[in-house]
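Asker: please work out how this folds:
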Amino acid sequence: METILIAIVSFLVAILTFFSGFGLGTILTPVFMLFFPVELAIALTGLVHFFNNIFKIILVGKHANKRVLLKFGVPAVVFAFFGAWLLLHIPDAKAIFSYQFLGNTYEVYPVKFIISILLIFFALMDLLPSFQRLQFSEGKLPLGGALSGFFGGLSGHQGALRSAFLIKAGLSKEVFIGTSVVVSTFVDFTRLGVYATRFSKSGLIDNLPLVVIATISAITGAYLGNKLLKKVTLKSLQSIVAIMLILISLALGAGLI
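Answerer: Residues are numbered from 1 along each chain as shown. All right, here's what the predicted structure looks like:
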């Protein structure tokens, strides 16, 4: 039942990204968190995201700009390693605080609290007009690569920052998309390499069949969404998705899930 539900969600989310403007990882990560511990949920989402990117890189990777890949992609890969390493080494054995609500005691642990803050932040970046208009000069590409790579490794969220920096690099639409996909793929590969040090302990290997099913569902949804929807953005739906993400993030940070 759990596998079927995640497969359906992956399929629908992949289509939904063409409406909402959110990336696959932004929406899928909280869904996995409903069923798995935070670190495992991020790793599982990372695998689905990586294989989905492989599908994309076959289609558009040839358009990537080598100059931008060096200036932006290299720092992104380096700092993705540090972000992923930090995720695995945040002390999470003890709750940072606990509280009582309606007769129940809830404990909040460091990793869940940090990830909940990041989820809220990146949901707002994709939603608020002031964040959507955020752009940086081309000279800031190494900084942008470092920031997007670090947060990509830490929580899987790299798209919003990557777009904010690459949008001013003077790239055509095809080159922008191709470059973004290549950078994202290498960041995913790097962080998954770090997560792999805990594959056996985290239970990631045991859930590989789930990853395969979710990936196939996501690729099918992405293909269908691209054919039918053509990147249409519906503001009301985008707002609903953002609110749902923020509510899930608040529940995560409050120790409710």
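Asker: neighbours of I114, how many?
Answerer: Other residues lying near I114 total 19 when counted by other C-beta atoms under 10 Å. C-betas here are computed from N, CA, C, even on glycine.
Asker: G83 versus that one, what's the distance?
Answerer: Between I114 and G83 the computed distance is 11 Å (C-beta to C-beta, to the nearest Å).
Asker: now do the shared contacts for the two.
Answerer: Both I114 and G83 are contacted by 154-155, under the criterion C-beta atoms under 8 Å, 6 or more residues apart in numbering.
Asker: sec struct for A95, please.
Answerer: coil (DSSP: H, G, I helix; E, B strand; the rest coil).
Asker: isn't it up against V111?
Answerer: No. Between A95 and V111 there is no contact under C-beta atoms under 8 Å: 11.1 Å.
Asker: show me where the stretch 151-257 of the chain has helices.
Answerer: Assigned by DSSP state H, counting those that start in this stretch, the helices in the stretch 151-257 of the chain fall at 159-166, 173-195, 199-202, 208-229, 235-253.
Asker: how far out from the middle of the chain is the helix or strand harbouring I54?
Answerer: Assigned by DSSP states H and E, I54 belongs to helix 38-60. Taking C-alpha atoms, centre = their mean, to the nearest Å, the mean C-alpha location of helix 38-60 is offset from the chain mean by 9 Å.
Asker: residue contacts, G83?
Answerer: So G83 contacts 149-155, 191 (C-beta under 8 Å, 6+ apart).
Asker: that one should be in a helix, yeah?
Answerer: Yes. Assessed with three-state DSSP, G83 lies in a helix.
Asker: skipping its backbone neighbours, what lies nearest it in space?
Answerer: Nearest non-adjacent residue to G83, counting by C-beta to C-beta, 6 or more residues apart in numbering: G153, 2.7 Å away.
Asker: list the contacts for the one you found?
Answerer: 79-87, 187, 190-191, 194.
Asker: highest neighbour count among those?
Answerer: V187 (32 neighbours).
Asker: roughly how far apart are it and L69?
Answerer: 12 Å.
Asker: returning to what we had before: what mean pLDDT does the helix holding I54 have?
Answerer: Mean pLDDT, computed over helix 38-60, is 81.
Asker: that older thread, adding pLDDT, write the contacts of G153 out as JSON lines.
Answerer: What follows is the contacts of G153, written out as JSON lines (pLDDT from 0 to 100):
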{"residue": "F79", "pLDDT": "96"}
{"residue": "A80", "pLDDT": "94"}
{"residue": "F81", "pLDDT": "95"}
{"residue": "F82", "pLDDT": "93"}
{"residue": "G83", "pLDDT": "91"}
{"residue": "A84", "pLDDT": "91"}
{"residue": "W85", "pLDDT": "91"}
{"residue": "L86", "pLDDT": "88"}
{"residue": "L87", "pLDDT": "85"}
{"residue": "V187", "pLDDT": "93"}
{"residue": "T190", "pLDDT": "93"}
{"residue": "R191", "pLDDT": "90"}
{"residue": "V194", "pLDDT": "88"}
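Asker: ok, which pair from those is furthest apart?
Answerer: Spanning the widest gap among those are L86 and V187, at 14.6 Å by C-beta to C-beta.
Asker: drop the exposed ones from the contacts of G83 and show what's left.
Answerer: Neighbour-count burial (16 or more other C-beta atoms under 10 Å) applied to those gives 149-155, 191.
Asker: follow-up on the earlier one: could you check the angle helix 173-195 makes with the helix holding I54?
Answerer: 150 degrees (axes from the mean of the first three to the mean of the last three C-alpha atoms, to 10 degrees).
Asker: restricting to C-alpha, output helix 38-60 in CSV.
Answerer: In CSV, the C-alpha atoms belonging to helix 38-60 read as follows (Å, rounded to 0.1, in the frame of the first residue of the first chain):
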residue,chain,number,x,y,z
VAL,A,38,14.3,12.6,7.6
GLU,A,39,17.7,11.5,6.5
LEU,A,40,16.4,8.5,4.7
ALA,A,41,13.6,10.5,3.1
ILE,A,42,16.1,13.0,1.7
ALA,A,43,18.3,10.2,0.4
LEU,A,44,15.3,8.4,-1.2
THR,A,45,14.1,11.6,-2.8
GLY,A,46,17.7,12.3,-4.0
LEU,A,47,17.8,8.9,-5.8
VAL,A,48,14.5,9.6,-7.6
HIS,A,49,15.6,13.1,-8.4
PHE,A,50,19.0,11.8,-9.7
PHE,A,51,17.5,9.2,-12.1
ASN,A,52,14.9,11.7,-13.2
ASN,A,53,17.7,14.1,-14.0
ILE,A,54,19.5,11.3,-16.0
PHE,A,55,16.4,11.1,-18.2
LYS,A,56,16.5,14.9,-18.6
ILE,A,57,20.2,15.1,-19.3
ILE,A,58,19.8,12.6,-22.2
LEU,A,59,17.3,15.1,-23.7
VAL,A,60,18.9,18.5,-23.1
